[in-house]
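S.K.: here is a sequence with its predicted model. Questions after.
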Amino acid sequence: MNNSPFPTEPYAIEKMKPIHLSAVLAIEKKSFPQPWSLSLFMSEFTNRLATYLVLRLKRKVIGYIGYWYLFEEAHITTFAIHPDYRRQGLGKQLLKHALNLILNQGCHEVFLEVRISNFPAQNLYHSLGFTAVGIRKKYYIDGEDAIIMKKIMSQES
């Protein structure tokens, strides 16, 4: 594992396809106590408001992000990097790529929820200009609260 803040191997970001789902589901299970199901991901492929991307290192899917956009607002629905590839700057690159797409689609605000206990994710979001704007009490199935975070988009983002 490379602990450098910048990946030394080439990576690619592309639109998620059904062929990516076995790798995405494996990352999902390693990342979340209540992972999304195959059927939920499949249903997102027909959601006209949704965009889902994967991050590949060489040919291996090591991360993904999804968001919905409607007019001037976007909502990040899911985001994860395989545990073996975290803290290398790859998640930040994937999130920045998605934020750039969101801005180019005309969105001016981006929202997401993050577990109140997930400090690494909160730090990443803060580093990219997200601020906490509220709490969703007992948002997760296990009863944990979520912090609602928001980023105002601009060309300088």
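M.R.: Arrived safely.

S.K.: now stretch 128-148, how far from the centre of its chain.
M.R.: The chain centroid and the centroid of stretch 128-148 are separated by 15 Å, computed with Cα atoms, centre = their mean, to the nearest Å.

S.K.: pull out the buried residues from it.
M.R.: Going by neighbour count (16 or more other Cβ atoms under 10 Å), the buried part of stretch 128-148 is 129-130, 139-140, 146-148. Heads up, the C-betas are built off the backbone N, CA and C, glycines and all.

S.K.: for stretch 46-53, measure first residue to last.
M.R.: End-to-end distance for stretch 46-53, by Cα to Cα, to the nearest Å: 14 Å.

S.K.: now stretch 101-115
M.R.: From its first residue to its last, stretch 101-115 covers 25 Å (Cα to Cα).

S.K.: kindly list the longest helix within this structure.
M.R.: Longest helix of the chain, by residue count under DSSP state H: helix 90-104.

S.K.: which residues are contacting that one?
M.R.: With contacts defined as Cβ atoms under 8 Å, 6 or more residues apart in numbering, helix 90-104 is touched by 7, 11, 13, 51, 53, 55, 57, 62-65, 67, 69, 74, 76, 79, 81, 110, 124, 127-128, 151, 153-155, 157.

S.K.: from those, which would you call buried?
M.R.: Buried members of those, scored by 16+ other Cβ under 10 Å, are 7, 11, 13, 51, 53, 55, 57, 62-65, 67, 69, 74, 76, 79, 81, 110, 124, 151, 153.

S.K.: these in helices, which ones?
M.R.: Those of the buried ones among the contacts of helix 90-104 mapping onto helices are residue 124, per DSSP H.

S.K.: next step: the buried residues of stretch 128-148 restricted to strands.
M.R.: 146-148 (DSSP state E).

S.K.: which among those residues gets closest to residue 45?
M.R.: When these are ranked by distance to residue 45 (Cβ to Cβ), residue 146 comes first, at 25.3 Å.
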